[in-house]
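S.K.: Sequence plus the predicted model coming up.
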Amino acid sequence: MGTPEQTACGRRILLVLSGGIAACKAPDLIRSLRERGFSVRCVMAQAAAQFVTPLTVSALSGDTVYQDLFSLTDEAQMGHIRLSREADLVLVAPCTASLMARMATGLADDLASTVLLATDKPVMIAPAMNTKMWEHPATQANRSTLLERGIRIIEPGVGELACGEYGVGRMAEVPGIVAAVEAHFRLHQSRFVLSGLRALVTSGPTIEAIDPVRFISNHSSGRQGHAVAAALATLGADVTLVHGPVSLPAPPGVSAVPVQSAREMLQACLSVIEEGKVDVAVCVAAVADWYAHYTSSKIKKGQDPAPLSLSLHPNPDILATLSRPGPHRPRLVIGFAAETGDLVEQARAKRQRKGCDWICANDVSPGTGTFGGMRNTVYLVTETTEEYWPAMDKTEVADRLVRSVASALGYASSVSSAAEKVS
């Protein structure tokens, strides 16, 4: 192999092997990928060679194995920048806690981490480590960072570990990794299946200023709304994302409109809808229900402060406004209901009250970790059905919702298989 030309499958994988006993699975993984028509080129961390020999990896992949960042021969034949980009997917299996940390912080101190920092291609990782290492807050923070950057994570399994302990941390089995790779490419092949669909998504909180230093808001991070916008754009939809103050970057291929208050968000949404036909509106933003009249000077509490009374006024109802019948109403209007109890009943009532087509009800009670977290548990309530979605990453919730949208609006049925779970 050894050349940038594509195989009959047309898909090239750069497999990065980091150190760890799970590197022993590399021969089986390489063999399985090649049996399915993928070409495989390998980068090995120095520690990986303690568990599987470069000669074995080279023989099974049919290509040179790259190990040393400072090898003059390798750099002359295949520079690390070129190596990082002559692939359709970069797969890290196994991915140790150390490599996850270096990826999250942008370190590039060996060939594997340099390739990962230099690549402009999709990256998928299969973590493998001791249970306590996986559960450590630092590793979970790194996991969250990588997910936010669009890296797909093939979650580790539960079982007996090489250290003799039992728990989560085993690298996913080879068939599961191969299935995730194939699902990724099915999604890639169907990336324009929603071409022509115009979508409006709202995300994040709104903030309602009280004075120059204080405001009313909530704990929404914007992760779920941004994930929905990203999932729609990945499949080729023309997406406008109207979002409140968040720390997340706008997803690639999405037109972002930042706003502050609920009234600004409503005006931005109406402007998008009035510009042209919007097929689907997904209102994920956690809009503040009330606002106070703004005071241009900071409110002083004085030496002996008396209780402060604020006169709160209802904000405009964005979801209800977009759901009203009229020439500009989207074909499908979806709302999110952040509730703390009786999810289905409250979602049914909200759908009727707002006039929208669907409601995604999620539990934001204390302890659920939904607001600001990476996972969500959803009930999808329509006019005729109620569907329970168990706890999953917000990216997975977004993928599942987009499949439902595509089906409801009559787009290609291939979305159903293309958007299979890969993280």
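M.R.: Nice, I can see it. Just so we're clear, the structure is a prediction, and the values are computed from it rather than from any experiment. Residues are numbered from 1 along each chain as shown.

S.K.: Only C-alpha atoms from now on, for both contacts and neighbour counts.
M.R.: Noted.

S.K.: Domains of this structure: list them as residue ranges, please.
M.R.: Following the TED database, one finds the domains of the chain at 12-190, 198-293+311-409.

S.K.: For T385, grab the count of nearby residues.
M.R.: Neighbour count for T385, taken as other CA atoms under 10 Å: 8.

S.K.: Please apply the same query to S84.
M.R.: 23.

S.K.: For it, which residues are in contact?
M.R.: S84 makes contacts with 14, 90, 115-116, 118-121, as judged by CA atoms under 8 Å, 6 or more residues apart in numbering.

S.K.: low-scoring stretches of the protein, by residue?
M.R.: Residues of the chain meeting the criterion pLDDT under 70: 1-10, 70-80, 162, 187-192, 302-305, 341, 364-375, 412-423.

S.K.: Please work out which residues outside stretch 128-138 touch it.
M.R.: Applying CA under 8 Å, 6+ apart, the contact partners of stretch 128-138 are 20, 22, 94-97, 139-140, 156, 161, 163, 165-172.

S.K.: Buried subset of these as a ChimeraX selection?
M.R.: Buried members of the contacts of stretch 128-138, defined by 16 or more other CA atoms under 10 Å, are picked up in ChimeraX with:
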select :20,22,94,95,96,97,139,140,156,161,167,168,169,170,171,172
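
S.K.: The contacts of stretch 128-138 in strands, which ones?
M.R.: 94-95, 166-170 (DSSP state E).

S.K.: Which parts of stretch 312-323 count as buried, going by neighbours?
M.R.: 315-316, 318-323.

S.K.: Return that stretch as CSV; C-alpha atoms alone will do.
M.R.: Output of stretch 312-323 as CSV, limited to C-alpha atoms (Å, rounded to 0.1, in the frame of the first residue of the first chain):
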residue,chain,number,x,y,z
LEU,A,312,-40.5,41.2,36.8
HIS,A,313,-42.3,41.1,33.4
PRO,A,314,-42.9,38.1,31.2
ASN,A,315,-40.6,37.7,28.2
PRO,A,316,-42.2,37.0,24.8
ASP,A,317,-42.8,33.3,24.2
ILE,A,318,-40.5,32.4,21.3
LEU,A,319,-41.7,28.8,20.9
ALA,A,320,-45.4,29.8,20.8
THR,A,321,-44.6,32.7,18.4
LEU,A,322,-42.8,30.5,15.9
SER,A,323,-45.6,27.9,16.2
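
S.K.: on that earlier part again, and the domains of the chain as a markdown table, adding distance to K300?
M.R.: Formatted as a markdown table, those follow (distance: least, CA to CA, whole Å):
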| stretch | distance to K300 |
| --- | --- |
| domain 12-190 | 39 |
| domain 198-293+311-409 | 10 |
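
S.K.: Mind checking the ones you listed for the one nearest to I299?
M.R.: The closest of the domains of the chain to I299 is domain 198-293+311-409. By CA to CA, the value is 6.8 Å.
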